[in-house]
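Undergrad: predicted model and sequence below, questions to follow.
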Amino acid sequence: IRGFLGTVFGAEVMRGNQDPSSYTTVKKYAGPVKVFIVNKAERNESRQVVEFLRILNQTVSGLSIRAVSQEDQANMTVFLVDRAYYRKTIRDTLPDNFDSSFLRSNDCSAVTGGRQGRGLERAFVYIVANEGRRRFRHCMIEEITQSLGPVNDDVKLSHSIYNDNSDVQGFSVFDWFILSMLYDRRVKNGMTVDEVLPVLPAVIKTARAA
């Protein structure tokens, strides 16, 4: 429960053009997540992204996520870039109504957006692909899953990839629990902490059974 509250509520930084009050409620995709992958890197790691999306789709009950072949079908776009073009790609591709200043200083980044009360409706993810496969995989897992709703990092979570000080590199069981809890049908967009707390024990019981 502490891990869920620490990652789903709050944010490391202001994301895009959203009001600060939007981080006091649950935010997730209400429908299928359709991911368009744009490879701008010399080494094409698109297959790794597709495979990770398949794992998420198969293991996180309540979440429908898959890669699509047309950009106009997507509500999440993942850019794979070489370090030299990381900042330029963000400047060239992020819509004007999103603030890109904090993105350009990070190793890999994501920005999410959505209308008030609608949850998440759009995400842009930027991953550097030419600094080693281990680093690429860490960034891919962290940024794609955070774009699904648990946007906050929490230094208290030693078993989570949502903690830059942890040794976690992959999609851990702990983070699977957070996503599975978030996409349980009993956890709804717009819920506050006080509203979601009473349903979490039952949600965790369901996740444990899975």
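TA: Perfect, thanks for sending it.

Undergrad: what's the neighbour count on the nearest residue to Gly62 once chain neighbours are set aside?
TA: Of all residues not flanking Gly62 in the chain, Tyr183 sits nearest, at 3.6 Å (CB to CB, 6 or more residues apart in numbering). Where you see a C-beta, it was placed from the backbone N, CA and C, and this is true even at glycine. By the measure other CB atoms under 10 Å, the count of residues near Tyr183 is 20.

Undergrad: all strands of the protein, in order?
TA: 33-39, 65-67, 76-81, 108-113, 122-128 (DSSP state E).

Undergrad: looking at these, which is nearest to Glu51?
TA: strand 65-67 (9.9 Å; CB to CB).

Undergrad: adjacent strands (with direction) for that closest one?
TA: strand 33-39 (parallel) (DSSP bridges).

Undergrad: now the strand it pairs with against strand 122-128, angle please.
TA: 30 degrees (axes from the mean of the first three to the mean of the last three CA atoms, to 10 degrees).

Undergrad: in strand 33-39, what's buried?
TA: 33-38 (16 or more other CB atoms under 10 Å).

Undergrad: equivalent analysis for stretch 141-158, please.
TA: 141-154, 157.

Undergrad: cool, stretch 121-129 as well?
TA: Neighbour counts using 16+ other CB under 10 Å place 122-129 of stretch 121-129 among the buried residues.

Undergrad: His138: neighbour count?
TA: Neighbour tally, His138, other CB under 10 Å: 19.

Undergrad: mind checking how far it is from Asn130?
TA: His138 sits 14 Å away from Asn130, going by CB to CB, to the nearest Å.

Undergrad: equivalent analysis for Gly149, please.
TA: 29 Å.

Undergrad: poorly predicted segments of the chain, please.
TA: Along the chain, segments meeting pLDDT under 70 span 11-23, 99-105, 117, 164-166.

Undergrad: which residues of it fall in helices?
TA: 2-8, 46-59, 86-93, 133-146, 173-182, 193-196, 200-209 (DSSP state H).

Undergrad: tell me the angle of the last one relative to helix 173-182?
TA: Just to be clear, that refers to helix 200-209. Orientation check (the same axes, to 10 degrees): helix 200-209 against helix 173-182 gives 120 degrees.

Undergrad: please renumber so the chain begins at 173
TA: Fine by me, first position is 173 from now on; the one you just mentioned is helix 372-381.

Undergrad: in helix 372-381, what counts as buried?
TA: 372, 375-376, 379.

Undergrad: out of those residues, which comes closest to Asp254?
TA: Taking the buried residues of helix 372-381 together and measuring to Asp254 by CB to CB, the closest member is Ala379, at 38.0 Å.

Undergrad: having no further points to raise, I will conclude here.
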